[in-house]
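Undergrad: Got a predicted structure here, sequence first:
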Amino acid sequence: MRLPVVTKETGFAVCRELEREEDNDFIIHLLERLEEANPCVAEFVSRLAVQHEDPVGISTAALLVYRLLESQAEADALAEQMKLQ
């Protein structure tokens, strides 16, 4: 299985998710979900972030890329299910 190719529509949807949340709540919740669902990636992001001058910026960018891929995988799975029905 390969990583999904993120569409513009998915990108817009993730941007809307980000804009709906106050402060950094979206990123905080995303990190909490990632720590539970994929702890290795969460640890990698955390370790990478603390090595840079802007750890919040680094972790935010990494988490948003993860969310883009996750959201596209969800959209692709839904589209596949729709084909089978």
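TA: Alright, I've got the coordinates. Residues are numbered from 1 along each chain as shown.

Undergrad: and residue 44, how far is that from residue 71?
TA: Distance from residue 44 to residue 71, counting by Cβ to Cβ, to the nearest Å: 20 Å. Every residue, glycine included, has its C-beta placed from N, CA and C.

Undergrad: more crowded one of these two?
TA: residue 71 (19 against 12; other Cβ atoms under 10 Å).

Undergrad: any idea which helix or strand carries the more buried one?
TA: Assigned by DSSP states H and E, residue 71 belongs to helix 55-84.

Undergrad: show me the contacts for the residue most central in space within the chain.
TA: The centroid of the chain falls nearest to residue 67 when counting by Cα atoms, centre = their mean (1.4 Å). Counting by Cβ atoms under 8 Å, 6 or more residues apart in numbering, residue 67 makes contact with 14, 17, 30.

Undergrad: Go through the residues you listed and give me the one with the most neighbours.
TA: Counting by other Cβ under 10 Å, top hit in the contacts of residue 67: residue 30 with 22 neighbours.

Undergrad: dump the residue contacts of that residue.
TA: 63, 66-67.

Undergrad: tell me the average confidence for the helix or strand containing it?
TA: In the assignment (DSSP H and E), residue 30 maps to helix 25-37. For helix 25-37, mean pLDDT rounds to 94.
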